[in-house]
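1. can't give you the sequence, but here's the structure:
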């Protein structure tokens with residue numbers, strides 16, 4: 001896993017090489033506006049401590065990250081996504097604290113309303129694999145990275161009133 005962040009667009013200016021989680025990039029760079037992922041996958045965040053808007057990056061070059069992703073600010077923190085080759089399993093719940101309807105996913109779901117007649121997803125339990133959840137159907141809108149664990153309330157995670165309507169596995173083919 002290897003990501004190089006640059007202070008200016010088009011890979012110009014000072015750079016910082018990242019091969020693990022970094023909660024605050026400002027100690028290395030005052031700002032990061034372009035990024036090159038040489039190996040692996042990363043989530044980047046527009047606030048420190050893995051907060052704020054999140055964006056998924058896989059191998060490739062992101063020369064003008066802000067305009068391409070619609071970011072209001074520059075990259076402030078990043079998290080390495082470990083490669084995973086096992087099975088995938090996640091339970092999604094209609095309400096917070098695992099309340100309401102529950103459905104178990106083992107593959108991508110491009111629209112929970114169409115598949116499950118579920119209008120809201122407010123909590124989840126990721127048992128296996130790493131997932132991306134999106135606020136709109138068909139993997140659009142803001143996203144959130146989910147690794148194995150229990151997520152009792154998306155509102156308490158700083159996501160406000162964001163609702164998740166589609167989910168996608170982060171597969172080894174992304175690496």
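-> In hand now; what should we look at? None of the values given here were measured: they were computed from a predicted structure.
2. I'd like the next helix or strand past the lowest-mean-pLDDT helix or strand in the chain.
-> For the chain, using mean pLDDT, DSSP states H and E, the weakest element among its helices and strands is helix 65-69, scoring a mean of 58. Scanning the chain past helix 65-69 towards its C-terminal end, the next helix or strand to appear is strand 77-81 (assignment: DSSP states H and E).
3. that following strand - contacts with which helices or strands?
-> Applying 3 or more C-beta pairs under 8 Å, 6 or more residues apart in numbering; DSSP states H and E, we find strand 77-81 packed against strand 2-6, strand 41-47. C-beta here means a position set from N, CA and C on the backbone, and glycine is covered the same way.
4. try it again with 10 Å
-> Under the contact criterion of 3 or more C-beta pairs under 10 Å, 6 or more residues apart in numbering; DSSP states H and E, strand 77-81 touches strand 2-6, strand 15-18, strand 41-47, strand 51-57.
5. quick check: phi and psi at residue 27.
-> Dihedral angles phi and psi of residue 27 (degrees, to the nearest 10) take the values phi -70, psi -20.
6. one more: residue 155?
-> Note on residue 155: backbone dihedrals following degrees, to the nearest 10 are phi -60, psi -40.
7. can you check residue 97 too?
-> Dihedral angles for residue 97 - degrees, to the nearest 10 - are phi 60, psi 40.
8. can you point out the buried residues in the helix or strand hosting residue 113?
-> Here residue 113, judged by DSSP H and E, is contained in helix 112-116. Of the residues in helix 112-116, those with enough neighbours to count as buried (16 or more other C-beta atoms under 10 Å) are 112, 116.
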